[in-house]
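Enquirer: the following block contains a protein sequence and its predicted model.
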Amino acid sequence: MKSIQELEQIKQRTLQEVNLRKDRKGTRVVVGMATCGIAAGARPVLLAFVEEVQKRNLQDITVTQTGCVGVCRLEPIVEVYKPGEEKVTYVKLTPEKAKRIVAEHIVNGQVVTEYTIGAAEK
Amino acid sequence: MEDISLHVLDIIQNSISAGASCVDIAIKEIPADHSLYVMISDNGTGMDSSEAERSLDPFYTTRTTRRVGLGLPLFKAQAEASGGSLEIDTEKGRGTTVMARFDTRSIDCLPLGRMEDTMATLILCHPDIEFRYTHSYYDKCFEFSTQDIKGKLGDLLISDLSVIGWIRKYISENIEKLYGGVASEVDSGT
Ligand SMILES: Nc1ncnc2c1ncn2[C@@H]1O[C@H](COP(=O)(O)OP(=O)(O)OP(=O)(O)O)[C@@H](O)[C@H]1O
Ligand SMILES: [Mg+2]
């Protein structure tokens, strides 16, 4: 059972790590969360990114949302911003695809080309 | 949308677009009355009466990327499909409350879904907004507020993934606890 005491332990543990990761520029993962995105499965995709980042204990990664990206038929849409690199837009994601993006793109720096908007529009 | 919790996530996107700094979410379940109530209340810009009326029309939206606004009409259609209803109470400059009732007897009634996932998503993406979640099942009640949690976190951000993970489990376990103990057979006569 999750307790408020456990929250206190998380606080102590995490604050030490946070001090280490301050000032470092991180990767941003932005999930489209308008009605069309939510209906297409944006919430499980966002939570899959969160779980995978946490499981691998990756630092400097922000997972957040935006409103409508404007291409409803390609939702769920996720944009990945790595510092010093061009934005990569992934489309029609699922939790499984999200996990692969964390492993291949965010960790190993290899864009998963087959999931990108460029590949979908061909 | 597959369930009510996804509609709630979507309806709160409107509150966020309306500049709300506080959002209250209440779920009230009374299975013996076949009722599930959802109430979402924000302190955003609100709407005047003509905007409020038009907000339920799919061809009304203030968004710029698309000519239709679907969130509210879809949620209303789902509530009504079950035999329930949806109402909006809003005032320009004060805020907006969306109230829906679902009739849980109907086979068309959506399941509630994972409210913990909706709350975790909202808190992660909008750490500056205060969210309050109240879930009652008969006379049992679970309350959660980001303000309380922030008070316990000190310098640690509520959007830290370790905290989000904790919140998700904490809410899920407490909702489970609401259902435990009260015999679910209460609803089986219908
Ligand atoms: N909580 C609120 N506060 C202020 N205005 C609101 C609120 N909820 C809805 N509205 C107004 O009603 C309109 C219709 O809302 P609705 O959710 O149906 O569509 P949308 O948000 O415009 O688009 P979509 O939900 O399809 O992404 C909004 O564009 C907004 O102008
Ligand atoms: Mg909307």
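Expert: Thanks, I have it. Ligands and ions are numbered 1, 2, ... in the order given.

Enquirer: in which helix or strand does residue 52 reside?
Expert: Unless you meant another one, I'm taking chain A. Per DSSP states H and E: A:E52 is located in helix A:42-55.

Enquirer: wait, chain B
Expert: helix B:49-54.

Enquirer: returning to what we had before: pLDDT of the helix holding A:E52, averaged?
Expert: The average pLDDT for helix A:42-55 rounds to 97.

Enquirer: anything in stretch A:106-119 near chain B?
Expert: No: against chain B, stretch A:106-119 shows no contacts by CB under 8 Å from any CB of the partner chain, the least distance being 13.6 Å. From N, CA and C alone the C-beta is placed, and that goes for glycine too.

Enquirer: tally up the residues packed near the residue of chain A at minimum distance from ligand 2, please.
Expert: Ligand 2 sits closest to A:T35 of chain A, with a gap of 5.3 Å, by CB to the ion. Residues near A:T35, counting by other CB atoms under 10 Å in any protein chain shown, number 30.

Enquirer: kindly provide the distance from it to B:L157.
Expert: To B:L157, A:T35 is 28 Å away according to CB to CB, to the nearest Å.

Enquirer: could you do A:I38 as well?
Expert: Distance from A:I38 to B:L157, by CB to CB: 24 Å.

Enquirer: same check on A:K92?
Expert: 31 Å.

Enquirer: so between these two, which is more surrounded?
Expert: Taking other CB under 10 Å, A:K92 and B:L157 do not tie; A:K92 has more neighbours (16 against 13).

Enquirer: surely the more buried one is within a strand?
Expert: No: using DSSP: H, G, I helix; E, B strand; the rest coil, the assignment for A:K92 is coil, not a strand.

Enquirer: would you agree it is in contact with A:A120?
Expert: Yes: counting by CB atoms under 8 Å, A:K92 does reach A:A120; the two are 6.5 Å apart.

Enquirer: show me what contacts the residue of chain A found nearest ligand 1?
Expert: Going by CB to the nearest ligand atom, ligand 1 is nearest to A:T35 of chain A, at 3.6 Å. If you count contacts by CB atoms under 8 Å, 6 or more residues apart in numbering or on different chains, A:T35 has them with B:D10, B:Q13, B:G69, B:L70, B:G71, B:L74.

Enquirer: which helix or strand contains the last one?
Expert: Pointing back at B:L74 there. Using DSSP H and E, B:L74 falls in helix B:71-81.

Enquirer: for the residue of chain A closest to ligand 2, phi and psi?
Expert: A:T35 adopts backbone torsions of phi -50, psi -50, taken as degrees, to the nearest 10.

Enquirer: so which elements touch the longest helix seen in chain A?
Expert: Using DSSP state H to assign secondary structure, the helix with the most residues in chain A is helix A:4-21. With contacts taken as 3 or more CB pairs under 8 Å, 6 or more residues apart in numbering or on different chains; DSSP states H and E, helix A:4-21 sits against helix B:146-153, helix B:161-179.
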